[in-house]
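# Fold the following and give me the result.
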Amino acid sequence: MSNARLLKEKKVPKALICGMLKDGERILFLKRLDANGNERLEMPCTLNYGEDPVTQLTHEFRRQTGIDGEIGEIVFEARHNAGSRKKKVWIPCLVFKIMARNTRITLAKEFSGFRWLSVEDVKKEKLDRKLEWITVH
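Presented below is the predicted three-dimensional model:
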């Protein structure tokens, strides 16, 4: 089956929605092992297929980090390639501010760790595709 045909059959997300939890100038990033065993950074996020983004992000942020955060305003708007490197499908990326009183982290099983980094420091790290939008900011 061709890539174009697979893309047509695959439901394209409406947006990538991310939650940004800050501690001073540092931001919470999650670490995940890729297929080659390399750790890559990503922000707590999820693909949105038309559901209420605030409710969906609240649930996913809590599931991924164990933190009961409150969703605030949008702090960044960018683009995310939901397609492949060859066949790009650009969708909006919305980054919401997260506010939390307790920042004790209990990671979901798919993550290998977390780091608190500044935006400048994270640009020097290996990034997951869902975080590539940060390199243009």
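# Buried residues of the lengthiest strand in the chain, list them for me.
Taking DSSP state E as the assignment, the strand of the chain that covers the most residues is strand 70-81. Judged by neighbour count using 16 or more other CB atoms under 10 Å, the buried positions of strand 70-81 are 71, 78, 80-81. C-betas here are computed from N, CA, C, even on glycine.
# Closest to Asn38 out of the residues you listed?
Proximity of these to Asn38, judged by CB to CB, is greatest for Asn81, which lies at 19.7 Å.
# one step back: mind putting the buried residues of strand 70-81 into JSON lines with distance to Arg104?
Converted to JSON lines, the buried residues of strand 70-81 look like this (distance: CB to CB, whole Å):
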{"residue": "Ile71", "distance to Arg104": "19"}
{"residue": "Ala78", "distance to Arg104": "29"}
{"residue": "His80", "distance to Arg104": "29"}
{"residue": "Asn81", "distance to Arg104": "34"}
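# Let me know the closest of the residues you listed to Thr103.
Comparing the buried residues of strand 70-81 against Thr103 with CB to CB places Ile71 closest, at 15.3 Å.
# any idea where the helices of this structure begin and end?
The residue ranges that make up the helices of the chain, judged by DSSP state H, are 3-9, 53-65, 119-122.
# Please name every helix or strand in contact with the shortest one.
Yep, that's helix 119-122 we're talking about. With contacts defined as 3 or more CB pairs under 8 Å, 6 or more residues apart in numbering; DSSP states H and E, the packing partners of helix 119-122 are strand 26-33.
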